[in-house]
Structures are given as structure tokens and as C-alpha cells.
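Peer 1: Here you go, sequence then predicted model.
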Amino acid sequence: MSWRCPICGTHNDAAEKRCKVCGAYSPNEPTIPRQEGARGGQPAAYRIVIKIEDVPIKELIGTTFTVEVPPTGGVITLGRASDNTVIIPDPTVSRRHARIVVSRSTAILEDMGSRNGTYIISGGNEVRVSVADIGDDTLVRLGATTVLRIQISGVKQ
């Protein structure tokens, strides 16, 4: 029987002890002692800044979205639908196009089955991804034309 990740919602095989997307432990696993952070026993929260570099609606270029993620992690959704964390009004972007899953030690970009794809841009090359680790300064293309710069502070790489 599979289990659903309590952090990112991904379905995992019953034999897996950790989530295949965000690395969170299965709710059926024994509790792991929490590592204390440097500031008063609390680890720092993560700040994700998403800047629109290119989009069909030119007035939106340069718009930034700042999302504070708690120390336990979280999920940031990207797409056209109004219930996303970051709403992108581009007809080539799916309603629920992609998500960024932040855990205690990593950030992962996951395509949510979009029709036009999610791409990591690096060194002039674009690579279509379904799931990929992302770092502090990552360029991402959603659909045919939307380019986002994702900046992460606090995530250990």
C-alpha cells in the first residue's frame, strides 16, 4: 500500500522510507530527533524569491513574488489557476503547471504533468525536467514563453 507525503503530497511506494520528491520520512517511520539550528534552537526559515524574467504580458516582466517557507519545509505552486502561490497568466502554462518542494535540506522543482513542459535553463541550454534539484539562482522556463528566476536563501546545497 502506498503512502502520501505529509510535506509535498507525493504518493510513494510502501517500501520507501523517504519521499521520492522532497525526502520527507514516511509517517509510518519512527520519529527522527530534530537537529537544532544555530539561532536559539530554531533553524532559519527559507525565503524563495521568484522573479518573472519573460512572459507574454510584458507589464509583468520584473514582477517578484517572495514566499517565506517555514523550517519544516513547504510547497510553492506555479500555474495559471487562481489558487496557485504564483499565478502566471500565460496560455502555454498549465493551470497547475509545476511546484517547488522545499524540505530541510533541498529544493526540488517538479512538473505537475503540464502539456508544454518545464525546463531548466543553464549555460544557454534548456533541459526538460519532470523532477530536478534546484539551487540558489535557477532559471526556469514554463510552457513556451514564461521564464522565471528562482532565488533561494537558507537552503543548504
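Peer 2: Arrived safely. None of these values were measured; they are calculated from a predicted model.

Peer 1: how about the spatially most central residue of the chain, secondary structure?
Peer 2: The centroid of the chain falls nearest to residue 100 when counting by Cα atoms, centre = their mean (0.8 Å). Of the three states, residue 100 takes strand according to DSSP: H, G, I helix; E, B strand; the rest coil.

Peer 1: My read is that it contacts residue 150, right?
Peer 2: Yes. Residue 100 is within contact range of residue 150, at 6.9 Å (criterion: Cβ atoms under 8 Å). Any C-beta I mention is one placed from the backbone N, CA and C, and that applies to glycine too.

Peer 1: Now do the contacts for the residue nearest to residue 2 when sequence neighbours are not counted.
Peer 2: The shortest distance from residue 2 to any non-neighbouring residue, by Cβ to Cβ, 6 or more residues apart in numbering, is to residue 11 (5.0 Å). Shown in contact with residue 11 (Cβ atoms under 8 Å, 6 or more residues apart in numbering): 2, 3, 4, 5.

Peer 1: From the residues you listed, which shows the smallest pLDDT?
Peer 2: Confidence by pLDDT is poorest for residue 5 among the contacts of residue 11, given 73.

Peer 1: what's the burial count for that residue?
Peer 2: Counted with other Cβ atoms under 10 Å, the neighbours of residue 5 add up to 23.

Peer 1: wait, doesn't it sit right on residue 17?
Peer 2: No. Using Cβ under 8 Å, residue 5 makes no contact with residue 17, being 11.7 Å away.

Peer 1: if we can go back for a sec, what is in contact with residue 100 and residue 150 at once?
Peer 2: Residues within reach of residue 100 and of residue 150 at once, by Cβ under 8 Å, 6+ apart, are 48, 109, 134.

Peer 1: Take the residues you listed and lay them out in CSV including secondary structure, pLDDT and neighbour count.
Peer 2: Below are the shared contacts of residue 100 and residue 150 laid out as CSV (DSSP: H, G, I helix; E, B strand; the rest coil; pLDDT from 0 to 100; neighbours: other Cβ atoms under 10 Å):
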residue, secondary structure, pLDDT, neighbour count
48, strand, 91, 23
109, strand, 95, 24
134, coil, 93, 22
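
Peer 1: Who's the closest spatial neighbour of residue 94, skipping the chain neighbours?
Peer 2: In space, residue 94 is closest to residue 114, 4.1 Å off (Cβ to Cβ, 6+ apart).
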